[in-house]
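S.K.: Just a sequence and a predicted model for now, questions to come.
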Amino acid sequence: MTTLTERAPERPAQRPESGSLVQQFEYGLDAPICLTWELTYACNLECAHCLSSSGRRDPRELSTEQCKAVIDELQRMQVFYVNIGGGEPTIRPDFWELLEYAVNHQVGVKFSTNGVRITPERAAFLASPACNGYVDVQISLDGATAEVNDYVRGPGSYDTALRALANLKDAGFEDAKISVVCTRENIGQLDEFKALADRFGATLRLTRLRPSGRGADVWDELHPLPEQQRELYDWLMAHTADGEEVLTGDSFFHLAAFGESLPGLNLCGAGRVVCLIDPIGDVYACPFAIHDDFLAGNLLADGGFQRVWQDSALFNELRSPQTGGACASCAFFDSCRGGCMAAKFFTGLPLDGPDPECVQGYGEHALAGERTIPAPSQDHSKASPTRNQPVMLKLLTAPPVSACAESPLAGFDPTSTTTCGTGCCS
Amino acid sequence: MDALLGEPWMLSPSVALRPEPFGALAYHFGNRKLTFLKRPELVAVVRALGEAADVRTALESVGVPASQHPAYAAALRGLAATDMIRPRKDAAA
(Lines give C-alpha, C1' and ligand atoms only; values in the text may rest on other atoms or scores of the structure.)
Protein backbone atom coordinates (compact mmCIF):
# COMPACT_ATOMS: atom_id res chain seq x y z
CA MET A 1 0.00 0.00 0.00
CA THR A 2 1.16 3.48 -0.78
CA THR A 3 0.68 5.73 2.18
CA LEU A 4 0.73 9.47 1.97
CA THR A 5 3.32 10.03 4.64
CA GLU A 6 5.97 8.01 2.82
CA ARG A 7 6.14 10.52 0.02
CA ALA A 8 5.38 13.77 1.83
CA PRO A 9 7.23 16.72 0.30
CA GLU A 10 8.87 19.37 2.42
CA ARG A 11 7.08 22.37 1.02
CA PRO A 12 3.62 23.08 -0.37
CA ALA A 13 3.07 22.90 -4.11
CA GLN A 14 3.14 26.09 -6.15
CA ARG A 15 -0.39 27.40 -6.60
CA PRO A 16 -1.47 28.53 -10.07
CA GLU A 17 -2.51 32.18 -10.25
CA SER A 18 -5.75 31.51 -12.06
CA GLY A 19 -7.99 28.50 -12.51
CA SER A 20 -11.40 27.42 -11.34
CA LEU A 21 -12.44 27.58 -7.73
CA VAL A 22 -12.23 23.81 -7.43
CA GLN A 23 -8.67 23.89 -8.77
CA GLN A 24 -7.86 26.59 -6.24
CA PHE A 25 -9.37 24.50 -3.45
CA GLU A 26 -7.17 21.57 -4.42
CA TYR A 27 -4.21 23.67 -3.33
CA GLY A 28 -5.79 24.28 0.05
CA LEU A 29 -7.06 27.33 1.91
CA ASP A 30 -5.57 29.41 4.71
CA ALA A 31 -8.24 27.99 7.02
CA PRO A 32 -10.76 25.19 6.55
CA ILE A 33 -14.27 25.89 5.30
CA CYS A 34 -15.73 22.78 6.80
CA LEU A 35 -14.19 21.87 10.12
CA THR A 36 -15.49 18.96 12.16
CA TRP A 37 -14.70 18.85 15.85
CA GLU A 38 -15.47 15.71 17.79
CA LEU A 39 -15.82 16.89 21.39
CA THR A 40 -15.79 13.50 23.08
CA TYR A 41 -15.48 9.82 22.32
CA ALA A 42 -18.08 9.10 25.02
CA CYS A 43 -21.47 8.01 23.74
CA ASN A 44 -24.66 6.61 25.18
CA LEU A 45 -25.14 4.57 22.02
CA GLU A 46 -22.96 1.95 20.34
CA CYS A 47 -23.96 2.30 16.70
CA ALA A 48 -22.65 -0.59 14.65
CA HIS A 49 -21.20 1.70 11.97
CA CYS A 50 -19.72 4.45 14.19
CA LEU A 51 -16.95 6.04 12.14
CA SER A 52 -15.04 7.18 15.21
CA SER A 53 -15.43 3.87 17.12
CA SER A 54 -16.90 5.89 19.97
CA GLY A 55 -18.18 4.66 23.31
CA ARG A 56 -15.80 5.56 26.11
CA ARG A 57 -14.45 8.97 26.98
CA ASP A 58 -10.71 9.37 26.46
CA PRO A 59 -9.01 10.59 29.66
CA ARG A 60 -6.90 12.99 27.57
CA GLU A 61 -9.92 14.85 26.15
CA LEU A 62 -9.57 18.65 26.01
CA SER A 63 -10.70 20.53 29.10
CA THR A 64 -13.28 23.30 29.00
CA GLU A 65 -10.53 25.93 29.00
CA GLN A 66 -8.61 24.17 26.25
CA CYS A 67 -11.79 23.97 24.17
CA LYS A 68 -12.37 27.69 24.64
CA ALA A 69 -8.82 28.38 23.51
CA VAL A 70 -9.55 26.37 20.35
CA ILE A 71 -12.67 28.48 19.75
CA ASP A 72 -10.61 31.66 20.23
CA GLU A 73 -8.17 30.43 17.62
CA LEU A 74 -10.98 29.51 15.20
CA GLN A 75 -12.34 33.03 15.62
CA ARG A 76 -8.92 34.52 14.85
CA MET A 77 -8.64 32.29 11.77
CA GLN A 78 -12.15 33.31 10.70
CA VAL A 79 -13.49 29.78 10.66
CA PHE A 80 -17.07 30.95 10.59
CA TYR A 81 -18.70 27.75 11.72
CA VAL A 82 -17.78 24.36 13.04
CA ASN A 83 -19.50 20.98 12.86
CA ILE A 84 -19.49 19.51 16.34
CA GLY A 85 -19.88 15.78 16.84
CA GLY A 86 -18.50 12.90 18.81
CA GLY A 87 -19.27 10.47 20.36
CA GLU A 88 -22.35 12.16 21.66
CA PRO A 89 -21.24 15.77 22.22
CA THR A 90 -24.20 16.75 24.40
CA ILE A 91 -23.19 14.36 27.17
CA ARG A 92 -20.14 16.50 27.90
CA PRO A 93 -21.20 18.47 30.98
CA ASP A 94 -19.76 21.68 29.47
CA PHE A 95 -21.36 21.19 26.05
CA TRP A 96 -23.94 23.99 26.42
CA GLU A 97 -21.34 26.34 27.88
CA LEU A 98 -19.03 25.72 24.91
CA LEU A 99 -21.92 26.15 22.48
CA GLU A 100 -22.71 29.59 23.88
CA TYR A 101 -19.02 30.50 23.99
CA ALA A 102 -18.61 29.64 20.30
CA VAL A 103 -21.72 31.54 19.23
CA ASN A 104 -20.55 34.58 21.20
CA HIS A 105 -17.18 34.40 19.43
CA GLN A 106 -18.52 34.39 15.89
CA VAL A 107 -18.06 30.67 15.45
CA GLY A 108 -21.42 29.22 14.47
CA VAL A 109 -22.17 25.67 15.54
CA LYS A 110 -23.79 22.83 13.71
CA PHE A 111 -23.90 19.88 16.05
CA SER A 112 -24.79 16.26 15.46
CA THR A 113 -26.63 14.40 18.17
CA ASN A 114 -28.66 11.27 18.66
CA GLY A 115 -31.10 13.51 20.54
CA VAL A 116 -30.65 12.04 23.99
CA ARG A 117 -30.26 15.45 25.70
CA ILE A 118 -32.61 17.50 23.52
CA THR A 119 -35.20 17.96 26.25
CA PRO A 120 -38.00 20.55 25.92
CA GLU A 121 -35.84 22.92 28.03
CA ARG A 122 -32.76 22.50 25.83
CA ALA A 123 -34.88 22.82 22.71
CA ALA A 124 -36.24 26.11 24.04
CA PHE A 125 -32.68 27.29 24.71
CA LEU A 126 -31.64 26.38 21.15
CA ALA A 127 -34.58 28.35 19.77
CA SER A 128 -33.88 31.35 22.03
CA PRO A 129 -32.06 34.60 21.21
CA ALA A 130 -29.09 33.26 23.22
CA CYS A 131 -28.26 31.13 20.18
CA ASN A 132 -29.04 34.00 17.85
CA GLY A 133 -30.15 31.68 15.05
CA TYR A 134 -26.51 30.70 14.84
CA VAL A 135 -26.89 27.06 15.82
CA ASP A 136 -27.88 24.15 13.61
CA VAL A 137 -28.98 20.83 15.05
CA GLN A 138 -28.57 17.57 13.20
CA ILE A 139 -30.44 14.59 14.57
CA SER A 140 -28.95 11.29 13.43
CA LEU A 141 -31.44 8.76 12.16
CA ASP A 142 -30.49 5.78 10.03
CA GLY A 143 -33.89 4.31 9.40
CA ALA A 144 -37.29 5.86 8.64
CA THR A 145 -38.78 3.17 10.84
CA ALA A 146 -37.70 1.99 14.29
CA GLU A 147 -37.02 -1.46 12.89
CA VAL A 148 -34.46 -0.27 10.34
CA ASN A 149 -32.93 2.44 12.53
CA ASP A 150 -32.57 0.44 15.74
CA TYR A 151 -30.96 -2.45 13.85
CA VAL A 152 -27.77 -0.39 13.48
CA ARG A 153 -28.18 2.35 16.12
CA GLY A 154 -29.51 0.23 18.97
CA PRO A 155 -32.84 -0.31 20.73
CA GLY A 156 -34.80 2.83 21.57
CA SER A 157 -32.65 5.15 19.46
CA TYR A 158 -35.46 5.81 16.95
CA ASP A 159 -37.83 6.97 19.69
CA THR A 160 -35.08 9.15 21.19
CA ALA A 161 -34.45 10.85 17.84
CA LEU A 162 -38.13 11.47 17.13
CA ARG A 163 -38.71 12.82 20.62
CA ALA A 164 -35.84 15.28 20.09
CA LEU A 165 -37.29 16.38 16.75
CA ALA A 166 -40.71 16.87 18.34
CA ASN A 167 -39.16 18.90 21.19
CA LEU A 168 -37.35 21.14 18.73
CA LYS A 169 -40.47 21.68 16.66
CA ASP A 170 -42.61 22.41 19.72
CA ALA A 171 -40.02 24.92 20.96
CA GLY A 172 -40.17 26.79 17.66
CA PHE A 173 -36.66 25.80 16.59
CA GLU A 174 -36.67 26.20 12.82
CA ASP A 175 -35.13 23.95 10.25
CA ALA A 176 -33.52 21.16 12.24
CA LYS A 177 -31.67 18.62 10.10
CA ILE A 178 -32.33 14.89 9.96
CA SER A 179 -29.00 13.30 9.16
CA VAL A 180 -29.13 9.89 7.52
CA VAL A 181 -26.28 7.55 6.66
CA CYS A 182 -27.43 5.74 3.54
CA THR A 183 -27.27 1.96 3.84
CA ARG A 184 -28.50 -1.11 2.06
CA GLU A 185 -31.32 -1.25 4.63
CA ASN A 186 -32.62 2.29 4.21
CA ILE A 187 -32.10 3.29 0.56
CA GLY A 188 -35.64 2.07 -0.07
CA GLN A 189 -36.93 4.52 2.56
CA LEU A 190 -35.81 7.81 0.99
CA ASP A 191 -39.35 9.02 0.40
CA GLU A 192 -40.29 8.07 3.95
CA PHE A 193 -37.31 10.02 5.30
CA LYS A 194 -38.41 13.04 3.29
CA ALA A 195 -41.95 12.75 4.65
CA LEU A 196 -40.56 12.49 8.18
CA ALA A 197 -38.46 15.63 7.66
CA ASP A 198 -41.49 17.49 6.28
CA ARG A 199 -43.53 16.41 9.29
CA PHE A 200 -41.04 18.06 11.66
CA GLY A 201 -40.34 21.10 9.49
CA ALA A 202 -36.82 19.72 9.14
CA THR A 203 -34.36 19.38 6.26
CA LEU A 204 -33.18 15.97 5.18
CA ARG A 205 -29.43 15.41 4.99
CA LEU A 206 -28.12 12.23 3.39
CA THR A 207 -24.52 11.09 3.72
CA ARG A 208 -22.44 8.17 2.62
CA LEU A 209 -21.65 5.12 4.74
CA ARG A 210 -17.89 4.93 5.15
CA PRO A 211 -15.90 1.86 6.13
CA SER A 212 -14.26 3.95 8.89
CA GLY A 213 -14.09 3.04 12.56
CA ARG A 214 -16.59 0.31 13.42
CA GLY A 215 -18.03 0.94 9.97
CA ALA A 216 -15.25 -1.31 8.69
CA ASP A 217 -16.87 -4.25 10.50
CA VAL A 218 -20.30 -3.83 8.91
CA TRP A 219 -19.48 -2.16 5.60
CA ASP A 220 -19.71 -5.38 3.58
CA GLU A 221 -23.19 -6.00 4.93
CA LEU A 222 -24.50 -2.44 4.88
CA HIS A 223 -23.01 -0.52 1.97
CA PRO A 224 -25.57 0.09 -0.81
CA LEU A 225 -25.73 -2.44 -3.62
CA PRO A 226 -24.84 -1.23 -7.13
CA GLU A 227 -28.51 -0.92 -8.17
CA GLN A 228 -29.23 0.98 -4.95
CA GLN A 229 -26.48 3.49 -5.80
CA ARG A 230 -28.34 4.21 -9.03
CA GLU A 231 -31.60 4.53 -7.09
CA LEU A 232 -29.92 6.97 -4.68
CA TYR A 233 -28.37 8.98 -7.52
CA ASP A 234 -31.70 9.31 -9.35
CA TRP A 235 -33.46 10.28 -6.14
CA LEU A 236 -30.81 12.90 -5.32
CA MET A 237 -30.92 14.32 -8.84
CA ALA A 238 -34.68 14.71 -8.51
CA HIS A 239 -34.52 16.28 -5.05
CA THR A 240 -31.47 18.55 -5.27
CA ALA A 241 -32.33 20.09 -8.63
CA ASP A 242 -34.13 23.11 -7.19
CA GLY A 243 -31.77 24.42 -4.56
CA GLU A 244 -31.22 23.01 -1.12
CA GLU A 245 -34.19 20.76 -0.62
CA VAL A 246 -31.99 17.84 0.43
CA LEU A 247 -28.45 18.24 1.79
CA THR A 248 -25.64 15.76 1.14
CA GLY A 249 -22.56 17.20 2.83
CA ASP A 250 -20.97 16.82 -0.60
CA SER A 251 -20.45 13.16 0.23
CA PHE A 252 -21.67 11.42 -2.92
CA PHE A 253 -19.25 12.75 -5.51
CA HIS A 254 -18.33 9.17 -6.43
CA LEU A 255 -21.84 8.98 -7.93
CA ALA A 256 -20.96 11.76 -10.40
CA ALA A 257 -19.62 9.06 -12.73
CA PHE A 258 -23.25 8.13 -13.46
CA GLY A 259 -23.39 11.28 -15.58
CA GLU A 260 -24.32 14.71 -14.35
CA SER A 261 -22.60 15.88 -11.15
CA LEU A 262 -24.65 16.45 -8.03
CA PRO A 263 -24.65 19.99 -6.60
CA GLY A 264 -21.57 20.74 -4.51
CA LEU A 265 -17.83 20.91 -4.94
CA ASN A 266 -17.43 17.28 -6.09
CA LEU A 267 -13.93 17.22 -4.72
CA CYS A 268 -12.16 15.36 -1.94
CA GLY A 269 -11.65 18.18 0.54
CA ALA A 270 -9.42 16.25 2.94
CA GLY A 271 -6.70 18.53 4.27
CA ARG A 272 -7.62 21.12 1.63
CA VAL A 273 -10.92 22.62 2.77
CA VAL A 274 -11.91 20.01 5.36
CA CYS A 275 -10.36 18.50 8.47
CA LEU A 276 -11.19 16.97 11.83
CA ILE A 277 -10.15 17.89 15.35
CA ASP A 278 -10.62 14.89 17.62
CA PRO A 279 -11.44 15.02 21.36
CA ILE A 280 -7.78 14.98 22.42
CA GLY A 281 -6.79 17.70 19.94
CA ASP A 282 -5.40 15.43 17.24
CA VAL A 283 -5.98 16.88 13.78
CA TYR A 284 -6.89 14.46 10.98
CA ALA A 285 -7.34 15.10 7.26
CA CYS A 286 -11.05 14.39 7.34
CA PRO A 287 -13.79 13.17 9.70
CA PHE A 288 -13.78 9.77 8.01
CA ALA A 289 -10.05 9.22 8.34
CA ILE A 290 -9.33 8.79 12.03
CA HIS A 291 -6.16 6.77 11.53
CA ASP A 292 -2.46 7.41 12.15
CA ASP A 293 -1.85 7.58 8.39
CA PHE A 294 -4.02 10.72 8.20
CA LEU A 295 -2.92 12.34 11.44
CA ALA A 296 -1.49 15.81 10.72
CA GLY A 297 -0.55 16.73 14.27
CA ASN A 298 -1.92 17.70 17.65
CA LEU A 299 -3.04 21.23 18.42
CA LEU A 300 -1.70 21.08 21.98
CA ALA A 301 1.68 19.56 21.10
CA ASP A 302 2.29 21.33 17.80
CA GLY A 303 1.62 24.98 18.62
CA GLY A 304 -2.07 25.32 17.88
CA PHE A 305 -4.55 24.44 15.19
CA GLN A 306 -3.39 27.08 12.70
CA ARG A 307 0.17 25.73 12.75
CA VAL A 308 -1.06 22.20 12.11
CA TRP A 309 -3.44 23.28 9.35
CA GLN A 310 -0.91 25.41 7.52
CA ASP A 311 2.36 23.58 8.11
CA SER A 312 1.75 19.86 8.42
CA ALA A 313 3.65 17.75 5.90
CA LEU A 314 0.62 15.52 5.43
CA PHE A 315 -1.71 18.41 4.56
CA ASN A 316 0.83 19.92 2.18
CA GLU A 317 1.06 16.55 0.46
CA LEU A 318 -2.73 16.41 0.13
CA ARG A 319 -2.63 19.90 -1.41
CA SER A 320 -0.20 18.80 -4.10
CA PRO A 321 -1.54 17.67 -7.45
CA GLN A 322 -2.67 14.04 -7.16
CA THR A 323 -2.24 11.48 -9.86
CA GLY A 324 -5.20 9.50 -11.09
CA GLY A 325 -3.28 6.22 -10.94
CA ALA A 326 -5.35 3.34 -12.25
CA CYS A 327 -8.28 5.74 -12.73
CA ALA A 328 -6.45 8.23 -14.96
CA SER A 329 -7.46 6.49 -18.18
CA CYS A 330 -11.14 6.23 -17.15
CA ALA A 331 -13.51 8.48 -19.10
CA PHE A 332 -15.24 9.45 -15.86
CA PHE A 333 -12.15 10.46 -13.88
CA ASP A 334 -12.90 14.15 -14.30
CA SER A 335 -16.33 13.60 -12.77
CA CYS A 336 -15.54 11.54 -9.68
CA ARG A 337 -11.79 12.26 -9.28
CA GLY A 338 -11.31 8.68 -8.09
CA GLY A 339 -13.81 8.95 -5.24
CA CYS A 340 -13.28 8.97 -1.48
CA MET A 341 -9.80 8.57 -0.01
CA ALA A 342 -11.09 7.20 3.30
CA ALA A 343 -13.34 4.64 1.60
CA LYS A 344 -10.35 3.35 -0.35
CA PHE A 345 -7.99 3.33 2.60
CA PHE A 346 -10.26 1.46 4.99
CA THR A 347 -11.13 -1.20 2.43
CA GLY A 348 -7.44 -1.78 1.75
CA LEU A 349 -7.48 -0.34 -1.78
CA PRO A 350 -4.70 1.85 -3.21
CA LEU A 351 -5.37 5.57 -2.77
CA ASP A 352 -4.73 6.29 -6.44
CA GLY A 353 -7.13 3.61 -7.68
CA PRO A 354 -10.91 3.34 -7.91
CA ASP A 355 -13.33 3.94 -5.04
CA PRO A 356 -14.66 0.65 -3.62
CA GLU A 357 -18.13 1.80 -4.68
CA CYS A 358 -17.05 3.03 -8.13
CA VAL A 359 -20.28 3.16 -10.11
CA GLN A 360 -18.49 2.02 -13.24
CA GLY A 361 -17.81 -1.30 -11.52
CA TYR A 362 -14.03 -0.94 -11.12
CA GLY A 363 -14.40 -0.96 -7.33
CA GLU A 364 -15.90 -4.44 -7.22
CA HIS A 365 -13.04 -5.68 -9.36
CA ALA A 366 -10.50 -4.06 -7.05
CA LEU A 367 -12.22 -5.46 -3.95
CA ALA A 368 -12.04 -8.95 -5.41
CA GLY A 369 -8.25 -8.67 -5.72
CA GLU A 370 -5.60 -9.00 -3.07
CA ARG A 371 -5.86 -6.39 -0.35
CA THR A 372 -5.16 -5.94 3.34
CA ILE A 373 -7.62 -4.01 5.44
CA PRO A 374 -5.59 -1.69 7.70
CA ALA A 375 -5.79 -2.34 11.43
CA PRO A 376 -7.52 0.48 13.32
CA SER A 377 -5.07 2.73 15.14
CA GLN A 378 -7.48 3.44 17.98
CA ASP A 379 -10.78 2.21 19.37
CA HIS A 380 -12.96 3.84 22.03
CA SER A 381 -15.70 1.21 21.81
CA LYS A 382 -17.13 0.11 25.12
CA ALA A 383 -15.21 -2.80 26.58
CA SER A 384 -18.36 -4.79 27.23
CA PRO A 385 -21.76 -4.42 25.58
CA THR A 386 -24.55 -2.50 27.29
CA ARG A 387 -28.30 -2.58 26.81
CA ASN A 388 -27.96 0.03 24.05
CA GLN A 389 -25.84 -2.14 21.81
CA PRO A 390 -27.48 -2.98 18.51
CA VAL A 391 -28.05 -6.66 17.93
CA MET A 392 -27.39 -7.25 14.26
CA LEU A 393 -29.08 -10.58 13.77
CA LYS A 394 -28.48 -12.01 10.35
CA LEU A 395 -30.17 -14.73 8.37
CA LEU A 396 -27.90 -17.72 8.16
CA THR A 397 -26.30 -18.02 4.77
CA ALA A 398 -25.23 -21.63 5.34
CA PRO A 399 -27.28 -24.35 7.03
CA PRO A 400 -26.20 -25.13 10.59
CA VAL A 401 -24.14 -28.20 11.18
CA SER A 402 -27.03 -29.61 13.15
CA ALA A 403 -30.31 -28.32 14.50
CA CYS A 404 -28.81 -28.28 17.99
CA ALA A 405 -26.02 -25.97 16.87
CA GLU A 406 -28.63 -23.32 16.24
CA SER A 407 -30.90 -23.93 19.21
CA PRO A 408 -30.27 -25.95 22.31
CA LEU A 409 -33.99 -26.71 22.35
CA ALA A 410 -34.13 -27.92 18.76
CA GLY A 411 -36.57 -30.75 18.45
CA PHE A 412 -37.47 -30.52 22.14
CA ASP A 413 -40.90 -31.95 22.78
CA PRO A 414 -42.06 -31.43 26.36
CA THR A 415 -44.48 -34.33 26.00
CA SER A 416 -41.72 -36.66 24.97
CA THR A 417 -39.74 -38.69 27.45
CA THR A 418 -36.40 -37.92 25.78
CA THR A 419 -35.03 -34.35 25.92
CA CYS A 420 -33.84 -34.00 22.36
CA GLY A 421 -35.44 -35.43 19.30
CA THR A 422 -32.64 -34.90 16.82
CA GLY A 423 -30.31 -37.50 18.16
CA CYS A 424 -27.22 -35.31 17.83
CA CYS A 425 -26.96 -34.73 21.57
CA SER A 426 -26.59 -38.32 22.44
CA MET B 1 -23.94 51.02 -18.57
CA ASP B 2 -25.18 49.53 -15.28
CA ALA B 3 -26.79 52.18 -13.06
CA LEU B 4 -25.10 50.58 -10.10
CA LEU B 5 -21.80 52.21 -11.15
CA GLY B 6 -23.14 55.62 -10.20
CA GLU B 7 -24.59 54.56 -6.85
CA PRO B 8 -23.05 54.48 -3.35
CA TRP B 9 -22.71 50.89 -2.06
CA MET B 10 -21.14 49.19 0.94
CA LEU B 11 -20.16 45.82 2.34
CA SER B 12 -23.09 44.51 4.42
CA PRO B 13 -22.45 45.03 8.13
CA SER B 14 -22.98 41.31 8.85
CA VAL B 15 -20.40 40.15 6.31
CA ALA B 16 -16.83 39.18 7.13
CA LEU B 17 -14.12 38.83 4.50
CA ARG B 18 -11.47 36.17 5.03
CA PRO B 19 -8.38 36.61 2.84
CA GLU B 20 -7.41 33.54 0.81
CA PRO B 21 -4.62 33.00 -1.75
CA PHE B 22 -7.09 33.31 -4.65
CA GLY B 23 -9.02 36.28 -3.26
CA ALA B 24 -11.34 36.00 -0.29
CA LEU B 25 -14.13 34.11 1.28
CA ALA B 26 -17.15 36.22 2.24
CA TYR B 27 -19.40 34.98 5.02
CA HIS B 28 -22.74 36.51 5.91
CA PHE B 29 -23.50 36.03 9.59
CA GLY B 30 -27.17 36.79 9.03
CA ASN B 31 -28.19 34.49 6.20
CA ARG B 32 -25.14 32.21 6.65
CA LYS B 33 -24.29 32.29 2.98
CA LEU B 34 -20.73 31.62 1.98
CA THR B 35 -19.40 33.22 -1.19
CA PHE B 36 -16.01 33.20 -2.83
CA LEU B 37 -14.45 36.31 -4.31
CA LYS B 38 -12.24 34.76 -6.93
CA ARG B 39 -9.99 37.72 -7.73
CA PRO B 40 -7.90 39.87 -5.37
CA GLU B 41 -9.02 42.91 -7.40
CA LEU B 42 -12.67 42.17 -6.62
CA VAL B 43 -11.81 41.90 -2.92
CA ALA B 44 -10.12 45.30 -3.08
CA VAL B 45 -13.17 46.79 -4.82
CA VAL B 46 -15.58 45.37 -2.24
CA ARG B 47 -13.43 46.73 0.58
CA ALA B 48 -13.28 50.14 -1.10
CA LEU B 49 -17.05 50.47 -1.66
CA GLY B 50 -17.93 51.92 1.74
CA GLU B 51 -15.42 54.77 1.48
CA ALA B 52 -16.09 55.66 -2.14
CA ALA B 53 -18.69 58.16 -3.37
CA ASP B 54 -19.97 55.57 -5.83
CA VAL B 55 -19.06 52.20 -7.30
CA ARG B 56 -17.21 53.75 -10.26
CA THR B 57 -14.98 55.69 -7.90
CA ALA B 58 -14.24 52.50 -5.96
CA LEU B 59 -13.30 50.70 -9.18
CA GLU B 60 -11.03 53.57 -10.23
CA SER B 61 -9.38 53.74 -6.81
CA VAL B 62 -8.38 50.09 -7.18
CA GLY B 63 -7.18 50.61 -10.74
CA VAL B 64 -9.81 48.61 -12.62
CA PRO B 65 -9.79 49.85 -16.26
CA ALA B 66 -13.07 51.33 -17.52
CA SER B 67 -13.37 48.54 -20.09
CA GLN B 68 -13.82 46.06 -17.24
CA HIS B 69 -16.39 48.11 -15.30
CA PRO B 70 -19.42 46.33 -16.78
CA ALA B 71 -17.97 42.92 -15.82
CA TYR B 72 -17.32 44.13 -12.27
CA ALA B 73 -20.81 45.62 -12.09
CA ALA B 74 -22.22 42.20 -12.98
CA ALA B 75 -20.07 40.51 -10.31
CA LEU B 76 -21.25 43.06 -7.74
CA ARG B 77 -24.87 42.43 -8.72
CA GLY B 78 -24.21 38.78 -7.95
CA LEU B 79 -22.90 39.66 -4.51
CA ALA B 80 -25.87 41.94 -3.91
CA ALA B 81 -28.25 39.04 -4.61
CA THR B 82 -27.22 37.38 -1.33
CA ASP B 83 -26.84 40.67 0.57
CA MET B 84 -23.04 40.47 0.66
CA ILE B 85 -23.05 44.10 -0.42
CA ARG B 86 -25.95 46.54 -0.27
CA PRO B 87 -26.81 50.07 -1.45
CA ARG B 88 -25.72 52.77 0.97
CA LYS B 89 -28.85 54.65 1.84
CA ASP B 90 -27.38 57.32 4.13
CA ALA B 91 -24.88 58.90 1.74
CA ALA B 92 -26.22 61.55 -0.59
CA ALA B 93 -23.59 60.98 -3.23
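M.R.: Ah, there it is. It should be emphasised that the depicted structure is a prediction, and the values quoted were computed from it without experimental measurement.
S.K.: averaged over its residues, what pLDDT does stretch A:98-114 have?
M.R.: Here stretch A:98-114 scores 96 as its mean pLDDT.
S.K.: how many neighbours does A:V82 have?
M.R.: For A:V82, the count of nearby residues is 21 (other CB atoms under 10 Å in any protein chain shown). Where you see a C-beta, it was placed from the backbone N, CA and C, and this is true even at glycine.
S.K.: just checking, what packs against the helix or strand hosting it?
M.R.: Assigned by DSSP states H and E, A:V82 belongs to strand A:81-86. If you count contacts as 3 or more CB pairs under 8 Å, 6 or more residues apart in numbering or on different chains; DSSP states H and E, strand A:81-86 packs onto strand A:34-40, strand A:108-113.
S.K.: got the residues of the stretch 1-150 of chain A near chain B?
M.R.: By CB under 8 Å from any CB of the partner chain, the residues of the stretch 1-150 of chain A that approach chain B are A:15, A:21, A:24, A:27, A:29-31, A:33, A:78, A:80-81, A:106, A:108, A:134.
S.K.: Quick one, which of those are buried?
M.R.: When the residues of the stretch 1-150 of chain A next to chain B are checked for burial by 16 or more other CB atoms under 10 Å in any protein chain shown, the buried set is A:24, A:27, A:29, A:31, A:33, A:78, A:80-81, A:106, A:108, A:134.
S.K.: out of the residues you listed, who's nearest A:M237?
M.R.: Closest to A:M237 out of those is A:I33 (24.5 Å), distances taken as CB to CB.
S.K.: ok, the closest residue to that closest one other than its chain neighbours to chain B distance?
M.R.: Nearest residue to A:I33, sequence neighbours excluded (CB to CB, 6 or more residues apart in numbering or on different chains): A:V273, at 4.6 Å. As judged by CB to the nearest CB, to the nearest Å, A:V273 and chain B stand 10 Å apart.
S.K.: give the contact list for A:V273.
M.R.: By CB atoms under 8 Å, 6 or more residues apart in numbering or on different chains, A:V273 lies in contact with A:25, A:28-29, A:32-34, A:265, A:267.
S.K.: Could you rerun that using 6 Å?
M.R.: Counting by CB atoms under 6 Å, 6 or more residues apart in numbering or on different chains, A:V273 touches A:25, A:29, A:32-33.
S.K.: Going by distance to chain B, which of the residues you listed wins?
M.R.: Taking CB to the nearest CB as the measure, chain B lies nearest A:L29 of the contacts of A:V273, at 5.4 Å.
S.K.: Count the residues that sit near A:D58.
M.R.: A total of 16 residues lie near A:D58 under the criterion other CB under 10 Å.
S.K.: go on, A:A383?
M.R.: Neighbours around A:A383, by other CB under 10 Å: 7.
S.K.: thinking again about what came up before, residues in contact with the strand holding A:V82?
M.R.: Outside strand A:81-86, the residues that touch it by CB under 6 Å, 6+ apart are A:35-40, A:54, A:107-112.
S.K.: which regions of chain A lie under the pLDDT threshold?
M.R.: Flagging of chain A using pLDDT under 70 yields the residue ranges A:1-13, A:242-244, A:393-406, A:408, A:411, A:414-426.
S.K.: For it, which segments count as strands?
M.R.: Secondary structure of chain A (DSSP state E): strands at A:34-40, A:81-86, A:108-113, A:135-140, A:177-182, A:203-208, A:246-247, A:274-277, A:282-284, A:295-298.
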